[in-house]
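In: model the structure of this input:
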Amino acid sequence: MESLKEAYEALGLPENATKEELEKRYYLLTRKARAERMREHSEPSSGETIDLELINRAYRFIHEYEEQQASKQFIEQNYGKYKKMAETKRKWDHFIHYYKFHILGAIAVLLLIGYGIKSYIDHREEQQRLASLPPASLSVMFFGEYFYGDGFGSDTEPLGQDIAKLFPDWKRVVAGLTYVPSQMRSEQDMALIQKSMLVVMTDKSDLYILDKDNFTKLAKQGAFLPLDEVGGPAIRPLLKTGAALKEKEEEQDKEHVYGIDLTDSPLSELLGVTGKQFIAAIRNTAEHQANAETFIAHFAKS
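Out: Numbering: from 1, shown residues only. Got it, this is the predicted structure:
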């Protein structure tokens with residue numbers, strides 16, 4: 001099949017036949033051709049036998065021609081302004097259309113890989129920086145509904161530096177802040193409370209500064225040292241004052257002093273941490289108990 005005219009002649013149609021006429025004629029001829037093949041033992045019908053292979057070739061030729069014309073018209077309408085680059089632009093748009101999600105996925109993977117590499121490098125650099133610092137003389141965790149700096153997620157390194165300035169003999173103080181909402185009003189509050197539970201399980205701070213609710217809860221769980229039993233000379237004078245706070249651990253019969261109330265001290269003003277209550281308690285895993293007691297006594301006497 002070399003021309004459109006030959007294709008239409010093979011089907012017995014004029015070149016200006018409509019698409020509906022083409023489909024109807026093709027269906028009729030193929031049905032007749034199949035019927036002839038089924039009449040193997042019958043007398044041949046009058047007229048020439050229909051060449052089914054020729055009919056199919058002609059039909060495909062016309063369809064391919066129409067598709068080519070439609071494609072050319074589409075390219076001219078949408079990409080004609082690109083002139084010689086029209087076909088290249090069309091292929092590029094086609095690629096983007098069908099593979100855009102693959103491309104976006106690949107970009108997302110690359111971004112994640114880049115973020116992971118950067119996080120790893122930053123972590124290594126931070127570990128090297130911390131290793132170069134002098135050992136901490138005290139670690140303090142503010143645990144409760146506290147705010148510092150721009151909020152409750154601010155960098156607390158300056159807070160540790162401010163504490164260290166109050167105690168010239170100390171080389172370095174590590175300070176942290178875990179915001180614990182007093183009430184659960186949203187999903188964010190729920191997430192913050194869950195995070196605070198994880199901090200309690202993993203944090204190794206020597207000294208905790210807490211609000212009343214969190215102090216009571218953690219003291220009952222046995223998180224703090226009983227100061228009336230193991231407190232040193234710096235803390236003993238405070239055990240008989242109204243600042244000493246007693247609690248009873250779960251499954252224990254006797255109350256002990258687990259905290260010293262520093263709410264009325266200048267702690268908030270000097271350190272820039274805002275909150276309603278400030279109760280100091282020493283963690284039962286504290287490595288620097290003596291310095292924690294010195295911190296408490298300093299603010300209690302201020």
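In: give the contact list for T294.
Out: Neighbouring residues of T294 by CB atoms under 8 Å, 6 or more residues apart in numbering: 167, 234. C-beta here means a position set from N, CA and C on the backbone, and glycine is covered the same way.
In: what helix or strand is it located in?
Out: Here T294 sits within helix 289-301, counting by DSSP states H and E.
In: and that helix, how far from the chain's centre?
Out: Taking CA atoms, centre = their mean, to the nearest Å, one finds the center of helix 289-301 at 41 Å from the center of the full chain.
In: how about that helix: buried residues?
Out: 289-300 (16 or more other CB atoms under 10 Å).
In: you'd agree A280 is in a helix?
Out: No: judged by DSSP: H, G, I helix; E, B strand; the rest coil, A280 forms no part of a helix; its state is strand.
In: ok, back up a step: which of the buried residues of helix 289-301 sits closest to M190?
Out: M190 lies nearest to A292 out of these, by CB to CB, at 31.2 Å.
In: closest one of the buried residues of helix 289-301 to A35?
Out: The shortest separation between A35 and any of the buried residues of helix 289-301 is 102.2 Å, and it belongs to A292 (by CB to CB).
In: my guess is L22 meets L11, correct?
Out: Yes: look at L22 against L11 with CB atoms under 8 Å: they come within range, at 7.3 Å.
In: now do the helix holding T294, average pLDDT.
Out: Averaging pLDDT along helix 289-301 gives 96.
In: repeat for stretch 257-268
Out: Confidence over stretch 257-268 (mean pLDDT, whole number) is 96.
In: then the helix or strand where D228 lies to PDB, C-alphas only?
Out: Assigned by DSSP H and E, D228 belongs to helix 227-230. This file holds the C-alpha atoms of helix 227-230, laid out as PDB (Å, rounded to 0.1, in the frame of the first residue of the first chain):
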ATOM      1  CA  LEU A 227      17.900  14.700 100.600                       C
ATOM      2  CA  ASP A 228      17.100  14.200 104.300                       C
ATOM      3  CA  GLU A 229      19.100  10.900 104.100                       C
ATOM      4  CA  VAL A 230      21.900  11.600 101.600                       C
END
